[in-house]
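Trainee: Next comes the sequence, and after it the predicted model I'd like to discuss.
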Amino acid sequence: MDSDMWDERYSTKEYVWAIEPNQFVKEHLGSLTPGTAIDLGAGEGRNAVWLASLGWQVTAVDFSAVALEKGEKLAADHEVSVNFEQGDARTYQASEPVDLVVLSYLQLPTADQTVILDHAKTWVRPGGILFVIAHDESNIENGYGGPPSIEVCYTVDRTVSALEGLDIVTADVAERTVETPDGPQIALDTLVVATHPSDTTR
Ligand SMILES: C[S@@+](CC[C@H](N)C(=O)[O-])C[C@H]1O[C@@H](n2cnc3c(N)ncnc32)[C@H](O)[C@@H]1O
């Protein structure tokens, strides 16, 4: 989907996604000492706003201007400040290293995933964290919701390979329970958490 299609998708009065942070973002990042962060493909800003509420200085990047407007509203409603920036994740570059980079359901074709992860790992300062949560390929056959095209799904192995040079802390297919009118369903996500080694000589 290009940015016009995403603008169209976001052009509802209601939020398209939940306004609460993703459960794995909350679980893995909630106890970190706040610093600087980039949320790439931030959408309506649910994760960025939550991080900002914890004291993080967040730059939330998305190529949809409509998503960013909704993110600004969400931030205002929560009385937090987030730096919303319009940018294309495939070419965006951080102006300086940050303590945390978040990619949350940025579902782009495999070749783009590799480019983006390759860029994103260079933005993490020594000791910092790169956090990836995304619809896993196995979700197509065995999970609920998510994109119907395997081409834009992630795998744990591919994500870990793309993050060579970082230390992998968590690399799992994570099960996420989705409440639906037919009862709870399980979605399968690629979850990878990596840290930039503090020892930069290796
Ligand atoms: C599934 S939504 C996830 C939004 C948010 N991260 C979340 O978890 O709620 C994917 C987001 O990626 C954005 N996106 C897709 N391709 C992009 C690109 N090439 N550059 C920047 N943003 C992009 C879309 O506009 C959309 O907001």
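Mentor: Yes, it's here. Numbers count the residues shown, from 1 in each chain.
Trainee: any idea whether whichever residue of the chain sits closest to the ligand is helix, strand or coil?
Mentor: Nearest residue of the chain to the ligand: residue 43, at 2.6 Å (C-beta to the nearest ligand atom). For glycine as for every other residue, the C-beta is placed from the backbone atoms N, C-alpha and C. Under DSSP: H, G, I helix; E, B strand; the rest coil, residue 43 falls in the coil class.
Trainee: I figured it hits residue 71, correct?
Mentor: Yes - Residue 43 is within contact range of residue 71, at 7.3 Å (criterion: C-beta atoms under 8 Å).
Trainee: overlap in contacts of these two?
Mentor: Residues touching both residue 43 and residue 71 (C-beta atoms under 8 Å, 6 or more residues apart in numbering) are residue 62.
Trainee: which residues are in contact with the worst-scoring helix or strand of the chain on mean pLDDT?
Mentor: Lowest on mean pLDDT, DSSP states H and E among the helices and strands of the chain sits helix 3-10, with a mean of 94. Residues outside helix 3-10 that contact it (C-beta under 8 Å, 6+ apart) are 1, 16, 43, 44, 62, 63, 64, 65, 66, 67, 70, 88.
Trainee: Which among those residues count as buried?
Mentor: Neighbour-count burial (16 or more other C-beta atoms under 10 Å) applied to the contacts of helix 3-10 gives 43, 44, 62, 63, 64, 66, 67, 70.
Trainee: which residues touch the residue of the chain closest to the ligand?
Mentor: 10, 16, 17, 62, 64, 67, 71, 104, 105.
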